[in-house]
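1. Generate a structure from the sequence data that follows.
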Amino acid sequence: MQIIEKKWEDKIFPDIKDGLVIVFKIPVSADKKDSGQIFAEMFWKNAPGESYAIPPMVFSSKSNIYYTFKNGITIIGMLQWEKINNPNIIDTDGIWSNFKYYKKDFQTYIWHTEGFLISFNPRKKPEDIIPIPVPIEIIEEDEPIDPNIILKPANGANLYSDLFPYVYISGWPKISETDKKDNFFGYTIKNSSPPLNTFYDQLKVLKAAENRSRMQNEAILFLEGAPPYQNQFVYQVNKLPGYIGSFTALYNHLETTKSTENVVILVCNFLKTDVISIVDYLNSMGYNESKERLWDSYFALLIEMGYKSSDLESIIKNLTICNYLETIFSHLNSKKTATILQNATLYNLFHATILLDKAIFPLPPDSTSPPQPMPIPLIPYAIGNLQLVKYKLLRYEMGELAHITSVMPGEKRKVVNRKLDRITDKEETTTYNETTSDDKTTEKIHDFSKELWKAIAETTQTSNYPDPGLVSTYGPPTNITIMGSYTKAQTTQTPEKKQIALYAKKVLNLTTQRISEKINKVRSHTQLKEFEDTATSILDNSSGKDPAYGMYSWLNKVYKAKVVNYGNRMLFTFLIPNPAANYISQVKIIEGNNLTEPLSPAELHIKTYQDITPDNYLALCQYYQLKTFPLAPNSQLVISDIMQSGESKLIGIPKGYEASQATINYAFGEGNGTTVINGFIGKSSFSFDQSKGNTGTQNFDLNKEQNSIAVGIVSSNCISVSPPEPPGDFQLSVEIISLLNAENLLSWQISIYQLISAAYNEQYVIYNQKSNVSHGKDERVNPLKDYLIVKQELEKAVRQQLQNHIMSTVGLPADYNPQTTPPGINYNYPENMQYINSSLEWNEMTYTFLDEYDSQNELFAVSSLSPDYFSGFLKAAYARVTIPVAPQYNYGFLYFLSTGFVWSSADHFAPCFDDSQVENNTSTDQATIIQELKNVFKEPNLPEKTIDSWEVVIPTSMQMLQKNNSLKVQNYE
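-> Now for the predicted structure:
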């Protein structure tokens with residue numbers, strides 16, 4: 001077991017004269033496979049005796065760090081062993097870091113380190129390559145080129161291109177009151193009678209009313225000198241009366257000399273006066289009136305940015321000197337010959353930034369705007385030290401052996417390689433419908449034999465009683481004696497009676513209707529896509545006496561990579577929801593590929609088959625595109641039938657249902673009024689007495705009968721003393737309510753669950769194939785294509801988010817018509833996009849994909865260097881994008897975000913907005929950000945400096961035929 005030791009050191013740490021060191025111990029087995037755990041210890045470079053053992057790292061699992069060193073610095077964060085999916089890095093594994101440095105107060109971190117610290121486990125070591133690579137140097141322009149083998153990089157390849165950045169991040173220290181006083185100044189209201197500044201007061205009133213258009217109109221009135229602002233706007237600063245007219249020239253003079261020594265004498269000499277005169281002038285009414293005009297003019301020019309912008313810079317310089325001289329000449333020594341302020345304070349005063357009054361700025365959005373979605377707040381993330389990795393193509397070289405083609409002496413071989421991909425889609429649909437209806441109405445229903453008999457001859461029955469007739473004798477003990485007898489005879493009725501009885505009392509209608517409809521609908525949709533790649537090789541060794549060989553080797557690219565230190569940058573972080581949504585929709589429209597990841601049944605709240613219900617199954621079948629599926633069974637069915645006296649039936653119950661309840665409605669016809677009908681349905685019996693009414697209803701609870709249920713009817717007539725009448729008519733209707741049994745419902749739920757599970761698995765396989773199409777599966781795809789796609793989509797999303805922010809900041813004008821004018825036209829879209837493209841350093845953009853956004857834990861994070869970065873891009877719910885701002889746009893970009901307008905003057909003259917929050921609020925105000933920018937960028941950035949460089953071997957999918965057919969196999973044992 002070999003132990004590989006790698007060391008990482010935080011070399012850039014301006015606040016502490018020390019550096020954090022982490023030593024990693026990576027065990028590697030004899031077969032060059034990892035052993036499962038990586039050990040590491042952390043210590044400070046100046047105190048190696050105090051070390052912290054980081055928990056062992058296992059692949060793809062986080063090792064949390066929380067340790068306080070004796071120097072008072074606490075490290076909080078994590079390390080994680082991840083795969084590196086970058087073809088430009090020879091190593092396959094690395095240690096990803098994300099930890100912060102805190103001081104004792106823990107209120108804000110002082111430094112932030114994020115990114116890969118080390119890499120290891122190379123893809124292929126040089127000594128493992130067979131045969132040994134033969135370098136092929138890039139051919140210069142003036143050298144001959146073999147037309148059969150083009151190994152020269154494309155034009156411009158000799159220049160270094162940006163690859164990816166490493167950014168060391170520091171937090172935002174809270175600005176002190178002293179720093180705020182020295183580095184910022186603003187408008188202060190002077191108490192005077194009558195009031196001097198009616199323009200300022202009017203702007204305050206309009207800002208309180210959130211009337212943006214009125215504020216703009218008021219500014220235009222002031223700039224044009226309309227009443228009541230005649231002769232108030234300062235057109236030429238040098239024409240102001242008194243010393244203040246020379247303050248702009250004084251600013252230019254002090255900026256040129258760049259010296260704060262004897263500044264009091266320097267000012268007096270430039271203005272050709274003495275200290276007492278300057279002090280008296282700074283306290284005079286004329287000076288205050290001129291300064292009020294300057295402030296009013298400054299406010300008006302900010303509101304109408306671009307109007308007479310040539311005067312804006314002169315006004316800013318003049319106001320800066322006003323604050324500069326007021327502070328200096330209020331801090332003189334006892335002899336009034338010099339100031340008591342330090343040189344650092346004088347430097348800060350001269351470079352102080354105007355702090356705008358929040359009673360006026362920033363302007364409110366147009367109140368007539370339609371409701372806008374709440375914008376995502378855009379604030380600077382941090383100031384970081386940017387180290388960019390660059391690369392250029394050095395040469396090509398032959399790598400590992402790909403394959404060998406052998407031809408025997410006298411043999412001629414023809415090899416044809418043909419690759420054909422074909423996709424065919426065919427759909428067929430068949431529909432068959434059959435409807436049968438039977439309508440049968442009869443007053444009486446008898447068995448078939450009796451109906452046949454009655455069809456031949458209608459029968460009547462007569463009772464004859466011979467003498468002495470029917471005699472009943474009663475006596476003790478109670479008995480009944482019946483004497484006499486009677487006979488029955490059947491005769492045929494006359495045709496007239498038959499006509500009346502048959503057609504008046506018997507009606508038989510039988511209607512049978514059968515509609516058979518068969519629709520054979522065949523829809524054939526054939527989509528044919530063919531990709532054919534044919535290569536034909538003829539190897540002719542028919543006249544040769546020795547075997548012939550063709551040896552093919554893989555062709556490798558060799559890049560030169562270097563790390564360049566670009567200095568400090570202000571970083572902005574953008575949170576992009578659904579970063580791949582636009583790309584997925586475009587691919588679906590153009591190529592027909594749906595790159596939307598299908599939701600699993602569990603994500604749709606279907607965790608078991610019991611979650612399938614008749615209410616949700618149709619939506620599920622539609623989502624998973626099921627073409628055939630069983631319909632949901634009805635929860636209950638009602639079976640009905642009609643019966644007459646003396647009839648019995650087995651009423652069928654549909655399969656999968658159980659008889660639950662029954663309702664019988666009965667009716668007696670004309671005839672004997674004392675008829676009693678008895679019967680049963682299932683295990684329940686019933687009895688209906690005509691004497692209690694000719695109609696009635698009775699409900700029954702059944703016993704969950706399945707398949708069928710028995711129903712029978714028996715009549716019982718009372719005997720009359722007089723000759724009996726014919727039995728009365730009787731009919732009843734039966735309605736049986738059958739409920740779906742649990743087994744049938746369960747069977748249907750299981751079948752639907754299996755169908756949607758199979759459909760989801762199929763869709764997920766197709767999705768993975770499509771989403772990973774450029775990850776090595778298609779050899780014709782450029783390996784940097786995915787990086788370019790992701791970069792372009794994220795850039796578009798960031799630009800759109802910035803434009804939406806500007807739209808919400810400015811608001812829509814009152815005359816805006818969305819039917820005729822695109823929204824971007826109202827926001828100087830071309831000018832804004834040009835400024836955004838210039839002010840942000842897009843090539844240094846970094847990003848992390850998140851399945852779920854959690855500002856603290858960042859769950860399921862996938863970085864731009866992760867092996868699954870493209871899949872993470874397609875599946876991400878959010879993308880966290882960090883972009884540096886070009887140093888020459890630092891202050892102007894903050895102004896652009898606050899107002900929606902491009903700052904047209906010098907960048908360091910851009911004002912600051914007073915957005916300080918309430919006490920104990922952790923939000924970073926703009927003054928704190930600008931102060932940190934002043935501290936970091938006080939000294940100009942040094943020219944870019946190369947820190948490290950190395951060569952990177954990149955395998956390609958191209959093969960090359962060797963000129964030399966000798967095969968060298970070396971034994972390293």
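
2. And whichever strand or helix holds residue 830, what's buried?
-> Secondary structure assignment for residue 830, by DSSP states H and E: helix 829-839. By neighbour count on 16 or more other Cβ atoms under 10 Å, the buried set for helix 829-839 is 832, 835-836, 839. C-betas here are computed from N, CA, C, even on glycine.

3. Can you give the contact residues for stretch 650-665?
-> 633, 636-637, 639, 641, 681-682, 684, 686, 695-711, 732-741, 743-744 (Cβ atoms under 8 Å, 6 or more residues apart in numbering).

4. Now list the buried members of those residues.
-> For these, a burial check counting by 16+ other Cβ under 10 Å picks out 633, 639, 681-682, 686, 700, 702, 705, 709, 711, 732, 734, 736-738, 740-741.

5. In strands, which of those residues appear?
-> Applying DSSP state E to the buried ones among the contacts of stretch 650-665, the entries found in strands are 639, 681, 686, 700, 709, 711, 732, 734, 736-738, 740.

6. Against which helices or strands is the lengthiest strand in the chain packed?
-> Longest strand in the chain, counting residues (DSSP E): strand 548-577. Applying 3 or more Cβ pairs under 8 Å, 6 or more residues apart in numbering; DSSP states H and E, one finds that strand 548-577 contacts strand 161-170, strand 380-407, strand 529-541, helix 785-810, strand 878-885, helix 926-936, strand 945-961.

7. on that earlier part again, flag whichever of the buried residues of helix 829-839 scores worst on pLDDT.
-> When the buried residues of helix 829-839 are sorted by pLDDT, the bottom entry is residue 832 at 85.

8. Find the residue ranges of the stretch 201-350 of the chain scoring beneath the pLDDT cut-off.
-> Residue ranges of the stretch 201-350 of the chain with pLDDT under 70: 308-310.

9. next one: the stretch 551-700 of the chain
-> 588-595, 671-672.

10. All the strands of it, residue numbers only.
-> 636-644, 648-652, 657-668, 676-681, 684-689, 695-701 (DSSP state E, counting those that start in this stretch).

11. could I get these as JSON lines with distance to residue 38?
-> Shown next, in JSON lines, are the strands of the stretch 551-700 of the chain (distance: least, Cβ to Cβ, whole Å):
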{"stretch": "strand 636-644", "distance to residue 38": "65"}
{"stretch": "strand 648-652", "distance to residue 38": "73"}
{"stretch": "strand 657-668", "distance to residue 38": "65"}
{"stretch": "strand 676-681", "distance to residue 38": "80"}
{"stretch": "strand 684-689", "distance to residue 38": "79"}
{"stretch": "strand 695-701", "distance to residue 38": "73"}
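
12. Buried residues in stretch 897-908, which are they?
-> Residues of stretch 897-908 classed as buried: 897-903, 905, 907 (neighbour count, 16+ other Cβ under 10 Å).

13. Repeat that for stretch 789-801.
-> Across stretch 789-801, burial judged by 16+ other Cβ under 10 Å covers 789-791, 793-795, 797-799, 801.

14. which residues are contacting the helix or strand harbouring residue 22?
-> Element membership for residue 22, per DSSP H and E: strand 20-28. Strand 20-28 has contacts (Cβ under 8 Å, 6+ apart) with 1-10, 13, 34-35, 37-45, 48, 54, 75, 95, 101, 117-118, 120-121.

15. Could you identify the helix or strand that succeeds that strand?
-> Past strand 20-28, further along toward the C-terminus, the next helix or strand under DSSP H and E is strand 38-44.

16. Each with direction, which strands does that following strand pair with?
-> Sheet pairing for strand 38-44, assigned by DSSP bridges, gives strand 20-28 (antiparallel), strand 47-57 (antiparallel).

17. What residues of that strand count as buried?
-> Going by neighbour count (16+ other Cβ under 10 Å), the buried part of strand 38-44 is 38, 40, 42-44.

18. Next: stretch 232-240.
-> Of all the residues in stretch 232-240, those buried under the rule 16+ other Cβ under 10 Å are 232-234, 237, 240.

19. Pick out whichever of these sits closest to residue 931.
-> residue 237 (27.8 Å; Cβ to Cβ).

20. check contacts around the closest residue to that closest one other than its chain neighbours.
-> Distances taken as Cβ to Cβ, 6 or more residues apart in numbering place residue 314 nearest to residue 237, at 4.5 Å, with adjacent residues excluded. Residue 314 sits next to 237-238, 248 when contact means Cβ under 8 Å, 6+ apart.
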